[in-house]
Structure formats: C-alpha cells, structure tokens
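In: what follows is a predicted structure for the sequence shown.
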Amino acid sequence: MNYDRTHDILYLVIRDGDEHHFVETAEGVVVEFDESNQPIGIEISGNYSAVMPECFYRASRFPLAAPLDSR
C-alpha cells in the first residue's frame, strides 16, 4: 500500500503484474487488471476514506479468471 499525501492518492497492490486495462468503479476509484483479467491494484484518489467501502464492494463483483493463489 502506498499513499501520496501531496496528491491524496492511495494505491493498494493486490499482486505483482503489468497493467493491461483498468475500470473506474466509482468516481476517483480505479481497479487495474492484468492480461488474465486478474485485479492487480486499486487506486483511490481524492477523499479515499469516503469511497473505500464502495470501492471494495464494486471490485468484489468482478469475476476472477482463476483464484489469486494459483499463480
């Protein structure tokens, strides 16, 4: 987890990987995915404490191609 206080951006690393695409799940919340459609990170900008619950709810709705522990 990394937090940039200057820009008020919180980045949560889910797993290592190269970003293939991303989805903005809520205003200021971006979930990054690899080529296999596995989530690799979540970036929250702005007032992240206000959007955190919604972020995790929406991210949990994305189907995974394989369990995260199968790498």
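Out: That came through fine.
In: where does the protein dip in pLDDT?
Out: 47-71 (pLDDT under 70).
In: now with 90, please.
Out: 1-10, 26-29, 44-71 (pLDDT under 90).
In: from memory Ile40 sits against Ile14, does it?
Out: Yes: the criterion here is Cβ atoms under 8 Å, and Ile40 meets it with Ile14 at 5.5 Å. For the C-beta atoms, the positions are set from N, CA and C on the backbone; glycine is no exception.
In: the more surrounded of those two?
Out: Just comparing Ile40 and Ile14: by other Cβ atoms under 10 Å the higher neighbour count belongs to Ile40, 20 against 16.
In: quick one: residues contacting that one.
Out: Ile40 is in contact with 13-19, 32-34, counting by Cβ atoms under 8 Å, 6 or more residues apart in numbering.
In: ok, now with 10 Å
Out: 12-20, 22, 31-34, 68 (Cβ atoms under 10 Å, 6 or more residues apart in numbering).
In: repeat that for His20.
Out: Listed by Cβ under 10 Å, 6+ apart, the contact set of His20 reads 32-38, 40.
In: so which of the residues you listed belong to strands?
Out: Within those, residues falling in strands by DSSP state E are 32-33, 40.
In: show me the helices in this protein, by range?
Out: 48-60 (DSSP state H).
In: pull up the overlap in contacts between Ile40 and Ile14.
Out: Taking Cβ under 10 Å, 6+ apart as the contact definition, Ile40 and Ile14 share the neighbouring residues 31-34, 68.
In: in PyMOL, select just the buried ones from the contacts of Ile40.
Out: Those of the contacts of Ile40 that count as buried under 16 or more other Cβ atoms under 10 Å are selected in PyMOL with:
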select buried, resi 12+14+17+31+32+33+34
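In: ok, so of the contacts of Ile40, who is nearest Tyr3?
Out: Closest approach to Tyr3 among the contacts of Ile40 (Cβ to Cβ): Leu12, at 9.8 Å.
In: how close does the closest one sit to Ser36?
Out: As defined by Cβ to Cβ, to the nearest Å, Leu12 lies at a distance of 19 Å from Ser36.
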